[in-house]
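*Asks:* below is the structure, and that's it, no one-letter string:
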């Protein structure tokens with residue numbers, strides 16, 4: 001799993017989407033069933049964690065968005081669910097500079113945010129704090145319980161590929177809740193310990209949660 005995700009995300013192997021789509025479909029089915037049971041919601045919006053413009057320029061594609069489009073075309077979204085990119089980075093995010101070990105905090109001297117890769121959990125949280133904003137998509141604009149532009153009344157499940165520290169997922173949740181959305185859970189295909197706890201790529205990856213004492217070789221989210 002670790003090798004597949006690394007190749008798909010960072011080495012241009014979009015052909016591996018055929019393997020990952022059924023994995024993500026199974027994760028979302030389970031997450032949706034549990035969320036419907038616990039929340040009483042009748043519909044759910046699956047909200048992908050946004051990718052930065054810098055990552056898009058480097059890769060030439062957005063891995064998570066590619067998988068979700070494949071799911072939609074194949075009719076594999078859970079019943080009662082739709083997918084919408086309700087969260088995006090605020091303007092100016094993504095002009096990151098390399099992390100310098102030993103530097104206090106997690107920002108460059110000129111205020112620019114640092115790349116997530118290599119940062120510990122505390123710095124990751126500080127690094128992405130208030131970097132995202134949420135807004136209704138065209139399909140649900142104006143359907144909330146409050147004024148135009150509100151997400152009040154929209155029930156969400158946040159979707160990501162790999163969980164490292166949860167900082168990026170947490171910021172996505174904050175942005176959605178700031179606009180009144182209800183966020184009940186996050187669904188991921190695999191989890192890996194924070195930087196410094198990873199092992200070799202030969203170690204196994206696990207869908208969903210993974211014990212912290214084990215690594216799986218999946219690099220930290222960028």
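*Replies:* In hand now; what should we look at? Quick caveat: nothing in here was measured; it's all calculated off a predicted structure.
*Asks:* which residue ranges form the strands in the chain?
*Replies:* 44-48, 81-83, 87-89, 132-134, 155-163, 182-191 (DSSP state E).
*Asks:* in TSV: those, plus distance to residue 64.
*Replies:* Glycine gets a C-beta too; all of them are placed from N, C-alpha and C. What follows is the strands of the chain, written out as TSV (distance: least, Cβ to Cβ, whole Å):
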stretch	distance to residue 64
strand 44-48	5
strand 81-83	10
strand 87-89	12
strand 132-134	14
strand 155-163	5
strand 182-191	10
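*Asks:* so which of those strands is the most packed in?
*Replies:* strand 44-48 (a mean of 24; mean count of other Cβ atoms under 10 Å).
*Asks:* run through who's touching it.
*Replies:* 28, 32, 35-36, 64-65, 68, 77-78, 80-87, 140, 154-160, 172, 176, 181, 187 (Cβ atoms under 8 Å, 6 or more residues apart in numbering).
*Asks:* so for residue 60, which of the strands of the chain sits nearest?
*Replies:* strand 155-163 (16.8 Å; Cβ to Cβ).
*Asks:* give the contact list for residue 134.
*Replies:* 86-87, 151, 175-176, 178-179, 181.
*Asks:* then residue 173?
*Replies:* 158, 183, 186 are the contacts of residue 173 under Cβ under 8 Å, 6+ apart.
*Asks:* how near is it to residue 7?
*Replies:* Residue 173 sits 29 Å away from residue 7, going by Cβ to Cβ, to the nearest Å.
*Asks:* can you check residue 163 too?
*Replies:* 19 Å.
*Asks:* could I get the full set of helices for this structure?
*Replies:* 2-10, 17-39, 53-59, 63-73, 121-128, 167-178 (DSSP state H).
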